[in-house]
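*Asks:* Structure for the following, please:
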Amino acid sequence: MLRDRRTLADEGVVVVLATVDSTRGQLLAGPQIITRGWVYAPEAEPLLVECADEVRAALLDAMGGKTPLEVEALQRTARKATGQFVSRRTGRRPMIVPVVVEV
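*Replies:* A predicted model of the protein is given here:
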């Protein structure tokens, strides 16, 4: 718990939101990237768009037309893709919270 609080204070948090249709194996919306304490959003809009593009590509690759979709696997994919992008581009390691909504 204390480690999580330190990570939030030092590195920030990145929330990744995506909506999927699990029966048809489609990405319906997102991913949307929401940050707190990682980068100042108005100045980093291109960075957030690039991050969303990379996460979208990773999710689509992981989905691969499979049905039904495993939401937990998609959340792991989103976390990994986001973490790699953030680390590569900024050298930081914020807490990453993937939220994949299944409809």
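*Asks:* What residues of stretch 83-100 count as buried?
*Replies:* For stretch 83-100, a neighbour-count test (16 or more other Cβ atoms under 10 Å) marks 83, 85-86, 94-96, 98-100 as buried. C-betas here are computed from N, CA, C, even on glycine.
*Asks:* Specify the local secondary structure of Leu28.
*Replies:* strand (DSSP: H, G, I helix; E, B strand; the rest coil).
*Asks:* any idea how far Asp10 lies from Ile96?
*Replies:* Using Cβ to Cβ, to the nearest Å, we find Asp10 at a distance of 14 Å from Ile96.
*Asks:* returning to that earlier point: keep only those of the buried residues of stretch 83-100 that are in helices.
*Replies:* Applying DSSP state H to those, the entries found in helices are 83, 85-86.
*Asks:* Adding pLDDT and distance to Asp61 as columns, could you present those in a markdown table?
*Replies:* Shown next, in a markdown table, are those (pLDDT from 0 to 100; distance: Cβ to Cβ, whole Å):
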| residue | pLDDT | distance to Asp61 |
| --- | --- | --- |
| Gly83 | 93 | 16 |
| Phe85 | 93 | 14 |
| Val86 | 89 | 19 |
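*Asks:* Check for me that Thr35 belongs to a helix.
*Replies:* No - using three-state DSSP, the secondary structure at Thr35 is strand, not a helix.
*Asks:* How many residues are close by it?
*Replies:* Neighbourhood size, Thr35 [other Cβ atoms under 10 Å]: 18.
*Asks:* That one bridge partners, please.
*Replies:* According to DSSP bridges, the residues that bridge with Thr35 are Val14.
*Asks:* quick one: it and Glu45 touch, right?
*Replies:* No - counting by Cβ atoms under 8 Å, Glu45 is not a contact partner of Thr35; they are 11.0 Å apart.
*Asks:* which intervals of the chain have sub-threshold pLDDT?
*Replies:* Within the chain, the stretches with pLDDT under 70 are 1, 4-9, 40-42, 67.
*Asks:* those strands in it, which residues are they?
*Replies:* 13-21, 26-36, 95-102 (DSSP state E).
*Asks:* helices and strands around the shortest one, which ones?
*Replies:* Contacts of strand 95-102 with other secondary structure elements, assessed using 3 or more Cβ pairs under 8 Å, 6 or more residues apart in numbering; DSSP states H and E, are made with helix 2-11, strand 13-21, helix 71-90.
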